[in-house]
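> Following is a predicted model, sequence given first.
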Amino acid sequence: MKVNKTIYLIVIFTVLLSGLQTRSSLLGQPVPGKDENIPFLVTFGKAGETSWGDDDFYGVFFFTIPVDFKQQFYIRVFDPDTGGENDEIQGEFNTRSLFSVYGGKGVDPDKNEDSRGLMNGVKYKGGNLLASRVFGGEARYDNKYYTFGPFNPTEGDFNTKWNAYIFKIVCEGISGDDGNLYRYFLSRNPDNNIPVEGGNAFTYEYTFRMWNDFKSVAHIYPYIDTGIVWVKQRNFDWDSDGHILVVSRYRQGIEASISAEDNWIEGSIPIEPAEMGASLDFQFHKKQGELVKNNNVVVTLENQRGDALKFFSSPIGGVPVYQAKIRVTPVNPKK
């Protein structure tokens with residue numbers, strides 16, 4: 001018996017076909033995160049020049065500790081001194097950096113907007129000071145970790161939306177003009193990087209160093225909450241070093257406005273309903289030709305209401321990968 005069928009040919013327009021998958025929460029432990037491909041955070045001494053890529057000479061990061069995590073934990077700082085092989089020298093190394101950890105009421109940036117660190121001044125120090133230390137040119141901390149803690153989760157500021165306790169760490173360049181390049185790790189152990197399961201980290205103003213590599217692409221992942229219609233993206237001192245693309249599961253590479261040296265630029269990006277409740281991928285592609293070395297850049301984002309958006313080290317919902325639309329075309333088997 002001969003059966004006539006209609007055979008369907010599925011035509012896929014891109015090889016980037018992948019559903020949005022939830023990544024392991026363990027990726028939230030290092031800051032910058034593994035998926036971000038960023039070598040270091042950077043904070044210059046307060047006598048530095050903004051044209052070197054730091055607009056305010058301090059950096060603020062938050063850590064979330066799940067409410068069901070009952071153990072003590074530590075915040076580890078990699079290479080906190082200024083004067084080693086990773087740091088950016090200006091003349092002679094003379095910079096001192098103050099790292100401070102805060103908990104308690106006033107830390108949660110959803111309740112205390114000043115805590116976000118977006119306005120220059122001391123108000124971003126809201127909360128209870130739990131630990132602090134000044135680092136200069138101590139060689140014993142070059143390419144090594146310094147550990148703050150132990151801390152108990154309940155010492156943080158509880159956030160009901162994330163069902164987590166929030167802690168804050170601030171790095172300030174209190175003197176000098178050199179760039180301090182460093183990283184963080186949220187750990188269950190004072191001497192080793194053992195992740196806090198379910199933990200994450202975020203910031204509202206991301207100041208970071210690009211790799212000195214044409215082929216390397218940096219990523220940062222802002223979370224798009226419900227009700228967002230469009231976002232205003234601002235970046236500082238990108239040095240016209242290539243282009244910035246915004247990628248989601250539904251859009252493949254929107255060009256964002258880019259800044260030159262020592263200036264801010266801004267531009268708006270519309271948000272599709274299907275992009276809410278997940279992260280966008282801001283991709284930083286260096287220009288080809290003459291290499292722009294030691295490029296530091298600052299990025300912020302806010303929604304149509306003027307509310308600042310969080311950049312998570314481990315993107316909420318996983319890394320957004322563009323998913324092409326599928327067209328189904330009938331094929332006549334007799335031809």
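Alright, I've got the coordinates. Numbers count the residues shown, from 1 in each chain.
> need the helices for the stretch 51-200 of the chain, in chain order.
Under the criterion DSSP state H, counting those that start in this stretch, the stretch 51-200 of the chain contains no helices.
> the strands in the stretch 151-300 of the chain, which residues?
Assigned strands in the stretch 151-300 of the chain, in chain order: 157-159, 164-175, 179-187, 200-203, 205-209, 217-220, 223-224, 230-236, 243-247, 252-256, 264-270, 278-279, 281-285, 296-303 (criterion: DSSP state E, counting those that start in this stretch).
> Same question for the stretch 1-150 of the chain.
Using DSSP E, counting those that start in this stretch, the strands of the stretch 1-150 of the chain run over 7-12, 30-31, 40-44, 58-66, 73-78, 96-103, 128-135, 145-151.
> Looking at the shortest one now, give me its mean pLDDT.
What it means is strand 30-31. Throughout strand 30-31, pLDDT has a mean value of 96.
> helices or strands next to it in the packing?
In terms of contacts (3 or more Cβ pairs under 8 Å, 6 or more residues apart in numbering; DSSP states H and E), strand 30-31 is packed against strand 179-187. Where you see a C-beta, it was placed from the backbone N, CA and C, and this is true even at glycine.
> Only alpha carbons, please: show the strand it packs on as PDB.
Extracted in PDB, the C-alpha atoms of strand 179-187 (Å, rounded to 0.1, in the frame of the first residue of the first chain):
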ATOM      1  CA  GLY A 179      44.800  51.300  39.300                       C
ATOM      2  CA  ASN A 180      44.100  48.500  41.700                       C
ATOM      3  CA  LEU A 181      43.000  45.400  39.800                       C
ATOM      4  CA  TYR A 182      41.400  42.700  42.000                       C
ATOM      5  CA  ARG A 183      38.700  40.000  42.100                       C
ATOM      6  CA  TYR A 184      36.300  38.600  44.800                       C
ATOM      7  CA  PHE A 185      35.200  35.100  45.800                       C
ATOM      8  CA  LEU A 186      32.300  34.100  48.100                       C
ATOM      9  CA  SER A 187      33.500  31.100  49.900                       C
END
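> And the strands of the stretch 151-300 of the chain: which comes nearest residue 105?
Closest approach to residue 105 among those (Cβ to Cβ): strand 157-159, 5.8 Å.
> Dump the strands of the stretch 1-150 of the chain into CSV; add mean neighbour count and distance to residue 317 as well.
Output for the strands of the stretch 1-150 of the chain, formatted as CSV (neighbours: other Cβ atoms under 10 Å; distance: least, Cβ to Cβ, whole Å):
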stretch, mean neighbour count, distance to residue 317
strand 7-12, 9, 23
strand 30-31, 23, 19
strand 40-44, 25, 24
strand 58-66, 24, 15
strand 73-78, 23, 24
strand 96-103, 22, 27
strand 128-135, 16, 31
strand 145-151, 18, 28
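> Kindly reformat these as CSV and extend each row with distance to residue 184.
Formatted as CSV, those follow (distance: least, Cβ to Cβ, whole Å):
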stretch, distance to residue 184
strand 7-12, 40
strand 30-31, 4
strand 40-44, 8
strand 58-66, 6
strand 73-78, 6
strand 96-103, 9
strand 128-135, 14
strand 145-151, 10
